[in-house]
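Peer 1: Here is my input, please return the structure:
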Amino acid sequence: MTAASTPHVAPPSAAPAGERSHPGTIAAGRFSFWYGAKQALHDIDLVIPARAVTALIGPSGCGKSTLLRAVAGLEPPTAGRVCWDGRDLAGVPTHKRGFALMFQDGQLFNHLTVARNVGYPLRIRRRPGARERVAELLAAVGLEGYDDRLPTTLSGGERQRVALARSLAVEPRLLLLDEPLSALDAGLRSRLATDLREVLRAAGTTALMVTHDQEEAFTVADRLAVMRAGRLVQTGPVGEVWRAPADAETALFLGYARVLTGAAAGILLEAAGLPAAAAVAARRSALLAGASGALAGEVVSARVTPEQVRLVVRVPGLGEVDAVAPLDLHPGPGEQVRLAVERAKLAPIPDGGAEPAAASGP
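Peer 2: Predicted coordinates for the structure are as follows:
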């Protein structure tokens, strides 16, 4: 069920100066959590800036939802603290933190109309102007005229819009979203991600969103926090993290197709006119087959898609790499091709961090 709570002033236990931040920010400092003998979170340091959406991403089982539940107060830390505006929230129960939670299934009250679902947190707090606020929220999420509908008559996307409106009803100081779109089909998830971004931006809501879907994170969030095996491996603005992944494993998770290291990385970076680095991550479309290019190789395989031909090309010094070709070129296996390098689709990794690797990517 979507949970929301009224703002509460935390106990006057000030955090150390290093954990203080701008008004309206949440900070988790040296945060660790154990499930029995298993450590689920390792010394997490995370700042969630005010009026921004931070996406917590990583593979399944890496600790994303555990961290979100800990910020909410549902899982007390084994070590460390969660602070709001520099004040420790230890001892402040979930319902008094002024936060709202939204889960992947929305968990609406099926016996209540859409309007009554959205207005529920306002009614239990006896807020004046509830009817006007509900109308405003339904308009914001694109559900004007749905007031008297029951949740069972709605599509999955419409149900999630109702859940979002309910979460925002009392203007939470932090909205926590746990895989809010994962139960929807791909096309609907993409459209609703765009709408979610617009609604959160218009409301000026500070939010922490857990997702394992990179594209969803890129669409909705201002900032990324990448987790792996219970550790926070990289944080920063979306564009910054995408352009400069911390290591090879992070690059592959973000959607880069391959990571080249050592001499192979040097050859590719030189061809792109970029400085040397220990490793380089390449998108699937970083190499473009055509009449000219700094590299040459033999086509190993070719697969036609509606937009382009996807190739695997064996290049001396690089081994097998991904490339693309326009539909009117369509080179076949065994043919020699020239490859131009699109430097904007490469991400140098100064410290390397892994052996050469490949994954399915954009």
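
Peer 1: contacting residues around the residue nearest the centre of the chain?
Peer 2: The chain has residue 217 as the residue nearest its centroid, 2.9 Å off, counting by C-alpha atoms, centre = their mean. Residues in contact with residue 217 (C-beta atoms under 8 Å, 6 or more residues apart in numbering) are 55, 57, 209, 211, 224, 238. C-betas here are computed from N, CA, C, even on glycine.

Peer 1: and the least confident of the residues you listed?
Peer 2: Within the contacts of residue 217, pLDDT reaches its minimum at residue 211, with 92.

Peer 1: What is the burial count for it?
Peer 2: Residue 211 has 25 neighbouring residues, counting by other C-beta atoms under 10 Å.

Peer 1: what helix or strand is residue 322 on?
Peer 2: strand 319-325 (DSSP states H and E).

Peer 1: and the following helix or strand past that strand, C-alpha only, in PDB?
Peer 2: The element immediately downstream of strand 319-325 (helix or strand, assigned by DSSP H and E) is strand 336-341. The C-alpha coordinates for strand 336-341 follow below in PDB (Å, rounded to 0.1, in the frame of the first residue of the first chain):
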ATOM      1  CA  GLN A 336      36.100  -6.400 -45.600                       C
ATOM      2  CA  VAL A 337      34.700  -3.100 -44.200                       C
ATOM      3  CA  ARG A 338      36.100   0.200 -43.100                       C
ATOM      4  CA  LEU A 339      34.900   1.400 -39.700                       C
ATOM      5  CA  ALA A 340      34.600   5.000 -38.500                       C
ATOM      6  CA  VAL A 341      34.700   5.600 -34.800                       C
END
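
Peer 1: How about residues contacting strand 336-341?
Peer 2: 268, 271-272, 286-299, 311, 313, 315, 323, 325, 331.

Peer 1: Count the neighbours of residue 130 for me.
Peer 2: 18.

Peer 1: For residue 242, which residues are in contact?
Peer 2: Counted by C-beta under 8 Å, 6+ apart, residue 242 has contacts 218, 224, 254, 347.

Peer 1: rewinding a little: buried only: go through the contacts of residue 217 for me.
Peer 2: Among the contacts of residue 217, those classed as buried by 16 or more other C-beta atoms under 10 Å are 55, 57, 209, 211, 224, 238.

Peer 1: Let's see which of those end up in helices.
Peer 2: Those of the buried ones among the contacts of residue 217 mapping onto helices are residue 238, per DSSP state H.

Peer 1: What score does residue 349 have for pLDDT?
Peer 2: In this model, residue 349 carries a pLDDT of 95.

Peer 1: quick one: it and residue 274, what's the gap?
Peer 2: Distance of residue 349 to residue 274, computed by C-beta to C-beta, to the nearest Å: 12 Å.

Peer 1: What of residue 180?
Peer 2: Applying C-beta to C-beta to residue 180 and residue 274 gives a distance of 38 Å.

Peer 1: One more: residue 147?
Peer 2: 56 Å.

Peer 1: Can you flag which of the contacts of strand 336-341 belong to strands?
Peer 2: Residues of the contacts of strand 336-341 located in strands (DSSP state E): 287-290, 295-299, 311, 313, 315, 323, 325.

Peer 1: Which members of these are classed as buried?
Peer 2: Using 16+ other C-beta under 10 Å, the buried ones in those are 287, 288, 289, 295, 297, 298, 299, 311, 313, 315, 323, 325.

Peer 1: Tell me the spatial nearest neighbour of the second one, not counting adjacent residues.
Peer 2: Of all residues not flanking residue 288 in the chain, residue 340 sits nearest, at 4.8 Å (C-beta to C-beta, 6 or more residues apart in numbering).

Peer 1: again with the last one
Peer 2: Counting by C-beta to C-beta, 6+ apart, the nearest residue to residue 325 once its immediate chain neighbours are dropped is residue 289, at 3.9 Å.

Peer 1: likewise the fifth one?
Peer 2: Take residue 297 and drop its neighbours on the chain: the residue closest to it by C-beta to C-beta, 6+ apart is residue 315, 3.6 Å away.

Peer 1: Likewise for the fourth one?
Peer 2: The shortest distance from residue 295 to any non-neighbouring residue, by C-beta to C-beta, 6+ apart, is to residue 339 (4.2 Å).

Peer 1: And for the first one?
Peer 2: Distance criterion C-beta to C-beta, 6+ apart; nearest residue to residue 287, sequence neighbours excluded, is residue 323 at 3.8 Å.
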